[in-house]
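Student: Just the structure for this:
(chains A and B, ligands or ions: 6)
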Amino acid sequence: MALLTVDNLSVTFTGNNQRPVRAVDGVSFGMDEGEVLGLVGESGCGKSVTSLALMGLLPTRGVEVGGRVHFDGTDVLSLPSRRLRDMRGSQLAMIFQDPLSSLNPVVPIGRQVTETLRRHKGMRGRAARDRAAELLDRVGIPDPARRLTEYPHQLSGGMRQRALIAMAVACAPRLLIADEPTTALDVTIQAQILDLLGELARSEGTSLLMITHDLGVVAGLCDNINVLYAGRVIEVSSRKQLFASPHHPYTAGLLGSVPRLDAPRGEALTPIRGSINDTIDWDDGCAFAPRCDHYTMECLTGTPELVRAGEGHQHRCVNPVNLDPGSAHADRPDPVAEGGNVR
Amino acid sequence: MSVLELEDLKVHFPIRSGVVFDRTVGHVHAVDGVSLSVETGSTYGLVGESGCGKTTLGRAVLRLVDITSGHVRFEGTDLAGLSGEEMRRRRSRLQMVFQDPLGSLDPRQNVESILAEGLEVHGIGQSRADRRTKIVDTLERVGLASNALSRYPHEFSGGQRQRIGIARALVLEPDVIICDEPVSALDVSVQAQVLNLLEELQSAFGLTYLVIAHDLAVVRHISDVIGVMYLGGLVEEAGADELYADPMHPYTKALLSAVPIPDPVVEDAREQILIPGDLPSPSSPPSGCRFHTRCPWRQPERCDTERPELREVAPGHRVACHYAEEIRAGELRSRSADVAAGTPPPA
Ligand SMILES: Nc1ncnc2c1ncn2[C@@H]1O[C@H](COP(=O)(O)OP(=O)(O)OP(=O)(O)O)[C@@H](O)[C@H]1O
Ligand SMILES: Nc1ncnc2c1ncn2[C@@H]1O[C@H](COP(=O)(O)OP(=O)(O)OP(=O)(O)O)[C@@H](O)[C@H]1O
Ligand code: SF4
Ligand code: SF4
Ligand SMILES: [Mg+2]
Ligand SMILES: [Mg+2]
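Tutor: Ligands and ions are numbered 1, 2, ... in the order given. Prediction:
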């Protein structure tokens, strides 16, 4: 059963003296219990805002949120803030790119973990301290008993991220959202953290929503992947499918843009032209059209629908690439209704 | 022929403490004895993790930081021995492109004046009109229209700003460009544009590049020779293909195995060498081999006490590890299989 369903989520920032910014523009996806799902896209495509919306962490003023988010049957967006706070920490947890900003600098690591345990599990004193040390040990922090008394600034970046993961998994949440958890880390430390996250998800059965701009990271870790562009999901696929035959020109373009460590050298990269600033409104057509080599007039007649093309594979494109002849148009007249995102 | 040569280059930064009396209480060994040479018209890629001294090395070549000891030779001339005037003359032929295009471009200057500044400093171009022609040509080379001239850095996207940074270097007709993380601030789709541009310019003008980056895939893509740095020292150097096919230093092996590859089939088959722990502080680097605190192949005594020299193990392939050959031959067992992430190897 779906643990999380996001249905046509939109987030618009309506600052005082500015044009409203539609950061998320109709995002829909679902997540199963125990699934590791990747949310991939470039800077500004709405990854962080989506995750903040799921956690109910968006500011209440100057923001308009539309659509629905159901977590285990509960409508998250209309939950009173107290119930939401209870849910966060116990059922839903999040880790961020910059661990320093989400740790309290003047409280020892240990107290920050025991505080979570007290609030959500009612654990106190010795029991809480022991459990905290166990958790730090679990996430690979050496000498946990000593580390409990240290402050965040005394830990390295990788250790801080581990401490944050320890706090996030302290109450065995059912969904862990990780927003670029390794972007600030060195590659050898990144490998340690990804290993840890994958292992936690598998052994505890935690669902993991992995947000990243790095296609390599999702290739190793995620069961399924959503690709975002300009605030919308433009491709949904299992990871094997996505990399073997990306259907959306943007996804294909991303894959052609990244140098691969294992590729034969001397192979030229095929970049996507322009930048994320070259966009049109989804209401007018495909937001990717100004950068797309496959665009036709059809692309400029309203938002392309999310279309199913094979098992668990969907794309939002009227001229998809890498489709088997025959199957391409067979699915065309059968657009998946927005939000009725069937897997 | 090599255009740029570093010989036992050291840059140590004093760590000061004390409010009234400025005392030096130690040194950050940012660059600690690097020797390398860059062939004319080639690309030398320098990789390593944060804080290993890459940027400092690049800045030392341009004399933007003081060299503690060692030599930097540009076309055979030791830059340290040059007077200010002579250095300035060479400087136009030795340029740098920075990581953060916005931070390195003055927001109050328009593109024309950003590019004209270098020309004026170096006395290039007869007249304003002459300089403008040069600037327009250069902008066109990097893929910017001439209407960019009167615009300001904030009006451009990240990728376009990096093009401005490249144009600023290129307009002085340099022989060598040091690129410090030229694409790491850019979106993936834009990174490829800038990498292709750098390659195009190299073949058009016969440029030599020293590319500094933490992203191994990027470095391997554009470099002919790669040097791997760890804690201020070069631990391995080889041709880009050779380094990938036959990495010999344990740190290089770990680094290569840690880079995620955007291909699930490769990812599933990959064997990672997880190295435990974090980078030690460059102000008190470990004794002996600097990598010994994290090395899965570390051997007692020698690794802890004797610093391995960078030695040639095959033509064009240099490694700083006492046991490189034994490790390659499989004669030493790696502990990495027993090491859980994060727990240091038994002392
Ligand atoms: N508080 C805010 N007020 C106004 N606009 C905002 C706010 N927060 C985000 N945005 C805008 O919403 C869009 C999506 O932002 P978001 O942070 O979700 O991007 P992202 O995909 O996480 O990017 P990155 O990879 O850079 O983290 C961006 O255009 C951003 O400028
Ligand atoms: N001006 C300075 N004064 C004192 N220490 C410095 C100075 N510049 C750099 N360092 C130190 O020297 C070491 C090497 O720094 P450097 O910036 O060269 O590393 P890097 O390899 O470029 O790292 P990154 O990938 O993070 O850019 C670091 O420990 C850094 O803190
Ligand atoms: S809908 Fe048209 S413009 Fe958009 S990605 Fe597909 S082909 Fe390109
Ligand atoms: S010298 Fe010893 S510690 Fe250093 S890399 Fe080689 S085996 Fe490892
Ligand atoms: Mg973000
Ligand atoms: Mg640097």
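Student: give me the low-pLDDT residue ranges for the stretch 1-150 of chain A?
Tutor: For the stretch 1-150 of chain A, the stretches with pLDDT under 70 are A:1.
Student: For whichever residue of the stretch 1-150 of chain A sits closest to ligand 2, the count of nearby residues, please.
Tutor: Per C-beta to the nearest ligand atom, residue A:98 is where the stretch 1-150 of chain A lies closest to ligand 2, at 15.0 Å. Every C-beta, even on glycine, is put in place using the N, C-alpha and C of the backbone. The number of residues packed near residue A:98 is 16, by other C-beta atoms under 10 Å in any protein chain shown.
Student: so it touches residue A:182, yeah?
Tutor: No. The pair residue A:98 / residue A:182 is not scored as a contact, 11.5 Å apart, by C-beta atoms under 8 Å.
Student: who are the neighbours in contact with the residue of the stretch 1-150 of chain A closest to ligand 2?
Tutor: Residues near residue A:98 by C-beta atoms under 8 Å, 6 or more residues apart in numbering or on different chains: residue A:184.
Student: May I see the buried residues of stretch A:141-149?
Tutor: A:141, A:144, A:147-148 (16 or more other C-beta atoms under 10 Å in any protein chain shown).
Student: how far out from the middle of the chain is that stretch?
Tutor: Averaging C-alpha positions (C-alpha atoms, centre = their mean, to the nearest Å) puts stretch A:141-149 30 Å from its chain's average.
Student: contact partners of that stretch?
Tutor: Contacts for stretch A:141-149 (C-beta under 8 Å, 6+ apart): A:108-110, A:113, A:129, A:132-134, A:136-137, A:155, A:159, A:162-163, A:166, B:277, B:342-344.
Student: now do stretch A:309-329
Tutor: For stretch A:309-329, contacts defined as C-beta under 8 Å, 6+ apart pick out A:224, A:232-238, A:241-242, A:245-249, A:251-252, A:286, A:294-296, A:298-299, A:303-308, A:331, A:336, A:341, A:343.
Student: Go ahead and build a PyMOL selection from the buried members of those.
Tutor: Restricted to buried positions by 16+ other C-beta under 10 Å, the PyMOL selection for these reads:
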select buried, chain A and resi 224+232+233+234+235+236+237+238+241+242+245+246+247+248+249+251+252+286+294+295+299+303+304+305+306+307+308+331+336+341+343
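Student: filter the buried residues of stretch A:141-149 by proximity to ligand 4?
Tutor: By C-beta under 6 Å from any ligand atom, no member of those lies near ligand 4.
Student: Residue A:284 - how many residues pack around it?
Tutor: If you count neighbours by other C-beta under 10 Å, residue A:284 ends up with 13.
Student: dump the residue contacts of whatever residue of chain B ends up closest to ligand 1.
Tutor: Of all residues in chain B, the one sitting closest to ligand 1 is residue B:187 (8.4 Å; C-beta to the nearest ligand atom). Residues in contact with residue B:187 (C-beta under 8 Å, 6+ apart) are A:42-43, A:213, A:275-276, B:158-159.
Student: Just the buried residues of the contacts of stretch A:141-149.
Tutor: By neighbour count, with 16+ other C-beta under 10 Å, the contacts of stretch A:141-149 hold A:108-110, A:113, A:129, A:132-133, A:136-137, A:155, A:159, A:162-163, A:166, B:277, B:342 as buried.
Student: Using CSV, write out every CA atom in the lowest-mean-pLDDT helix or strand in chain B.
Tutor: Sorting the helices and strands of chain B by mean pLDDT, DSSP states H and E puts helix B:84-91 at the bottom, at a mean of 81. Only the C-alpha atoms of helix B:84-91 are listed here, as CSV (Å, rounded to 0.1, in the frame of the first residue of the first chain):
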residue,chain,number,x,y,z
GLY,B,84,57.7,42.8,-9.8
GLU,B,85,57.8,44.3,-13.3
GLU,B,86,59.0,41.1,-14.8
MET,B,87,56.4,39.1,-12.9
ARG,B,88,53.7,41.3,-14.2
ARG,B,89,54.8,40.8,-17.8
ARG,B,90,54.6,37.0,-17.3
ARG,B,91,51.4,37.2,-15.4
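Student: helices or strands next to that helix in the packing?
Tutor: Helices and strands touching helix B:84-91, by 3 or more C-beta pairs under 8 Å, 6 or more residues apart in numbering or on different chains; DSSP states H and E: there are none.
Student: in the chain, which spans are helices?
Tutor: Just going to use chain A. Along chain A, counting by DSSP state H, helices occupy A:47-55, A:81-90, A:99-102, A:109-121, A:125-138, A:144-147, A:157-169, A:187-204, A:215-221, A:239-244, A:249-257, A:327-330.
Student: could you do chain B instead?
Tutor: According to DSSP H, the helices that chain B contains are B:54-61, B:84-91, B:111-121, B:128-141, B:158-170, B:188-205, B:216-222, B:240-245, B:250-258, B:264-269, B:302-305, B:324-328.
Student: where among these is the average confidence lowest?
Tutor: Among those, helix B:84-91 has the lowest mean pLDDT, at a mean of 81.
Student: May I see the helices of chain A arranged in CSV, with distance to residue B:177 as well?
Tutor: Converted to CSV, the helices of chain A look like this (distance: least, C-beta to C-beta, whole Å):
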stretch, distance to residue B:177
helix A:47-55, 34
helix A:81-90, 49
helix A:99-102, 34
helix A:109-121, 44
helix A:125-138, 46
helix A:144-147, 44
helix A:157-169, 30
helix A:187-204, 25
helix A:215-221, 28
helix A:239-244, 34
helix A:249-257, 22
helix A:327-330, 46
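Student: right, and those - which one's nearest residue B:175?
Tutor: helix A:249-257 (29.5 Å; C-beta to C-beta).
Student: so what's the residue most central in space within chain B up against?
Tutor: Closest residue to the average C-alpha location of chain B: residue B:212 at 2.2 Å, with C-alpha atoms, centre = their mean. By C-beta under 8 Å, 6+ apart, the residues touching residue B:212 are B:45-46, B:54-55, B:57-58, B:178-181.
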